[in-house]
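[1] return a 3D structure for these sequence lines:
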Amino acid sequence: MKRRSICQLQHIPRHPMKELNSLEDLIKKLPNQKWQIVSIILYSSTILSVGGSFSFNDLGLGDLKYKCIFPNFTNYSVKISINQCEAKLYENVSLSTNTSYISTKSCKSFIYSPGEIFETSAISRFNAICENKFLIKFDLFIYLLGGLLALFSLSHLADLFGRKKSVSAMLLFGAMAELGMTISPTFVVFAFCRFFNGYFVSGIYQVSFTTALEFAPNTSRDSIAVLIFLFFSLSLFINAFSSWLFRKWIPFLIVSIILYCIPLLGILMFGKESPRWLYVKKPYEFSKFVQKQFKSNPELFSTDIQFFLKENCTTTKFKEKQLDNTDTLLSVLRNKKIMFNMFFLVSFAISTYLVYYGILFGASVFELNPHIYYAFLGIAEILGSVLIFVMSRFLSRRPIHFISFFFSGLLCAIAGIIPKSNIWCISFIYFSVVMGKLFSTVSFANHFVWASELYPTSHRSLLTGVTISSGRIAVLSIPYIKFLTEEIWQPLLPLCFGGSAVIISFLCIFVQDSKKLELMDKIVQTPVELDDVGDTNI
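    Below you'll find the predicted structure:
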């Protein structure tokens, strides 16, 4: 008795003329492309959830006016020092001008009053002032640490269990983490939720980016980067507006939670699993997916499509496991070409993040209103998206990398070393910051797309996450580098960050230009022994 070898297909010639040379050709032949457009928009819209988390350190931890409440000390008159955080105690000697200093007491309770920008913030909830002011910097550190670990772990889960399930779970748990931040009774609970907030948000950004690219045709991958950055700029606008409108941190976080729920519902109801991931990990499910697309138009289910499925799909899930073993992570690590490209992509990632934060450091010296500051970032992201679109029409990966890295690094260094002595210098610094932000956006988008194109679908999410996470490691060191450079020479930080980007921009000549290449699905294409196909129908 013959075993059915692959996909329930019609009886076809053993070696027909093959018109489909790749998965890309097959996807183009599917009769209904609306699912592809809808999925791209839905996965790109998940970036809306990133803005609130990204801006929380400024919009949720805003400065407030406060006054210390000192207890009544028996037999002492209390005099408060200039910093409002300590009370100096003196002997209460009546009718005498001679008083002797006894001790200094730290303030333990405060009265907060609404400021010009914020009425309430997490600072008032946890008294993150005076001797507890370090909690603000710790919040940023633990957020970045969570994001760093996510790019290793969540990225791998997306390769194992699928893009749709992973992104949906990350959106759900990310919303729960922000909800936990709003009801945290202590800073320890708040820090725990903040860690997982950064953890899931970073996973959402990275996995959604690569997933949207997997849905896009080869000629439209740069357009996906433009769409994602437009959603990111929209999220910055929404969160800046909500913070300005409510001036309280709890409503600000509730708006941010809503931005998790909208794309989550959309993906659960209308989103599709990445066809490339199905093709590599679940070929049987991929075959069912393709055949479903032709149900309403069976006459379009041509011989070449049947032959492609015959050569690449299995009938049972047991054979799926056999196929999955042909392309392991170890085979990726042994691939010298991929590792060579990855080495340089890691250096690009480190430089990208350093320049990005160096430019933000240059913008922060103007002490803008935080609502205006994030609206400015949103505008810069939109202009950067336009620049990405224009450059990608005419240039490939290498020249885009060189131009964006070179000019973003140069402008970062210029903005840091020019003295703010007169209006002309200040105006030129503004110009350098804005243009540097535009080129930095281009370099980040180009680097992300470039990395996704050079890694196989079987491990694309993990390898892209590892590449991007190397930049996060550098970001964790920025607060300490900033402290050291301020002690030595303040312009040293943007000068070093910008100078390194200028040098690294020339390394693009060593990395393969992948713009015109199809996305790689597998590294090891091990053929599976197949029996003759029986006479079966769809």
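[2] all contacts plus neighbour counts: C-alpha atoms, from now on.
    Will do.
[3] quick one, strands of the stretch 101-250 of the chain?
    Under the criterion DSSP state E, counting those that start in this stretch, the stretch 101-250 of the chain carries strands at the ranges 101-106, 109-113.
[4] now tell me which of those the model trusts least on average.
    Per-stretch mean pLDDT for the strands of the stretch 101-250 of the chain is lowest at strand 101-106 (a mean of 59).
[5] now the element after the biggest helix by length in the chain, going C-ward?
    In the chain, with assignment by DSSP state H, the single longest helix is helix 423-454. Later in the chain than helix 423-454, the nearest helix or strand by DSSP states H and E is helix 460-476.
[6] what mean pLDDT does that following helix have?
    79.
[7] likewise for stretch 255-274?
    Here stretch 255-274 scores 91 as its mean pLDDT.
[8] that stretch: how far from the chain's middle?
    Centre-to-centre, stretch 255-274 and its host chain are 17 Å apart (Cα atoms, centre = their mean, to the nearest Å).
[9] over to stretch 217-230?
    With Cα atoms, centre = their mean, you get 15 Å for stretch 217-230.
[10] quick check: buried residues in that stretch?
    By 16 or more other Cα atoms under 10 Å, the buried positions in stretch 217-230 come out as Pro217, Asn218, Arg221, Asp222, Ser223, Ile224, Ala225, Val226, Leu227, Ile228, Phe229, Leu230.
[11] which one in those is the model shakiest on?
    Within the buried residues of stretch 217-230, pLDDT is lowest for Asn218, at 76.
[12] would you confirm that that residue contacts Ser514?
    No - applying Cα atoms under 8 Å, one finds Asn218 not in contact with Ser514, separated by 10.3 Å.
[13] what strand or helix carries Val255?
    Using DSSP H and E, Val255 falls within helix 249-270.
[14] wait, Ser166 sits on Leu160?
    No - using Cα under 8 Å, Ser166 is not in contact with Leu160; the gap is 9.3 Å.
[15] with neighbour numbers in mind, choose between the two.
    Neighbours were counted for Ser166 and for Leu160 using other Cα atoms under 10 Å; Ser166 has more, 22 against 16.
[16] contact partners for that one?
    Applying Cα atoms under 8 Å, 6 or more residues apart in numbering, one finds that Ser166 lies in contact with Leu154, Leu157, Ala158.
[17] please report how far the last one lies from Leu259.
    Separation of Ala158 from Leu259 (Cα to Cα, to the nearest Å) stands at 21 Å.
[18] wait, what's in contact with the nearest residue to Leu236 once chain neighbours are set aside?
    Among residues not flanking Leu236 along the chain, Gly51 sits closest, at 5.1 Å (Cα to Cα, 6 or more residues apart in numbering). Going by Cα under 8 Å, 6+ apart, Gly51 touches Phe232, Ser233, Ser235, Leu236, Asn239, Ser256.
[19] which two of the residues you listed have the greatest separation?
    Across the contacts of Gly51, the longest distance by Cα to Cα is 14.0 Å; it joins Ser233 and Ser256.
[20] one step back: so which bits of the longest helix of the chain are buried?
    Neighbour counts using 16+ other Cα under 10 Å place 426, 429-430, 432-454 of helix 423-454 among the buried residues.
[21] where does Ile414 fall, secondary structure wise?
    helix 397-417.
[22] again with Leu493
    In the assignment (DSSP H and E), Leu493 maps to helix 492-504.
[23] re earlier: of the contacts of Gly51, which belong to helices?
    Secondary structure from DSSP H places Phe232, Ser233, Ser235, Leu236, Asn239, Ser256 of the contacts of Gly51 in helices.
[24] surely the last one meets Asn239?
    Yes - at 7.1 Å, Ser256 and Asn239 qualify as touching, with contact defined as Cα under 8 Å.
[25] middle-most residue in this protein, spatially?
    With distances taken as Cα atoms, centre = their mean, the residue of the chain nearest its centroid is Tyr205 (3.6 Å).
[26] any idea how far it is from Gly465?
    From Tyr205 to Gly465 the distance is 10 Å (Cα to Cα).
[27] and if you look at Ile224?
    18 Å.
[28] please apply the same query to Val280.
    19 Å.
[29] which one of those two is surrounded by more residues?
    Comparing Val280 with Gly465 by other Cα under 10 Å, the one with more neighbours is Gly465, at 28 against 22.
[30] can you list contacts of stretch 342-360?
    With contact meaning Cα under 8 Å, 6+ apart, stretch 342-360 is reached by 405, 408-409, 412, 415, 433, 436-437, 440, 443-444, 447, 451, 467-468, 470-475, 478, 493-494, 497-498, 500-501, 504, 507-508, 510-511.
[31] filter those residues down to the buried ones.
    Using 16+ other Cα under 10 Å, the buried members of the contacts of stretch 342-360 are 405, 408-409, 412, 415, 433, 436-437, 440, 443-444, 447, 451, 467-468, 470-473, 475, 478, 493-494, 497-498, 500-501, 504, 507-508, 511.
[32] isn't Leu148 up against Asn197?
    No - look at Leu148 against Asn197 with Cα under 8 Å: they stay out of range, at 11.9 Å.
[33] and those two? Which one has more around it.
    Neighbour tally, Leu148 and Asn197, criterion other Cα under 10 Å: the higher count belongs to Asn197, 29 against 25.
[34] that one: what's it in contact with?
    Ser53, Tyr143, Gly146, Gly174, Ala175, Ala177, Glu178.
[35] who wins on neighbours among those?
    Going by other Cα under 10 Å, Gly174 tops the contacts of Asn197 with 29 neighbours.
[36] quick one on the thing from earlier: so the residue nearest to Leu236, which of the three states?
    At Gly51 the chain is in helix, as set by DSSP: H, G, I helix; E, B strand; the rest coil.
[37] residues of stretch 332-339 that come out buried?
    By 16+ other Cα under 10 Å, the buried positions in stretch 332-339 come out as Val332, Ile338.
[38] need the distance between the two termini of that stretch.
    8 Å.
[39] circling back: list residues touching both of Ser256 and Asn239?
    With Cα under 8 Å, 6+ apart, Ser256 and Asn239 have common neighbours Gly51, Gly52.
[40] neighbour count winner among those two?
    Asn239 (28 against 25).
[41] contacts only, for that one.
    The contact partners of Asn239, taken as Cα under 8 Å, 6+ apart, are Gly51, Gly52, Ser55, Phe252, Val255, Ser256.
[42] and the furthest pair within the residues you listed?
    Checking the contacts of Asn239 with Cα to Cα, the most distant pair is Ser55 and Val255, at 12.8 Å.
[43] what residue ranges in the protein score low on pLDDT?
    1-22, 32, 57, 60-110, 112-117, 308, 311-327, 361-368, 477-491, 522-538 (pLDDT under 70).
[44] not counting sequence-adjacent ones, nearest residue to Lys516?
    Among residues not flanking Lys516 along the chain, Asn218 sits closest, at 7.3 Å (Cα to Cα, 6+ apart).
[45] just Ile426 next, same as before
    That would be Lys420: by Cα to Cα, 6+ apart, it lies 5.5 Å from Ile426.
[46] confirm the one you found sits in a strand?
    No - judged by three-state DSSP, Lys420 forms no part of a strand; its state is coil.
[47] how about the helices of the stretch 101-250 of the chain, start to end?
    122-126, 134-161, 163-182, 187-215, 221-246, 249-270 (DSSP state H, counting those that start in this stretch).
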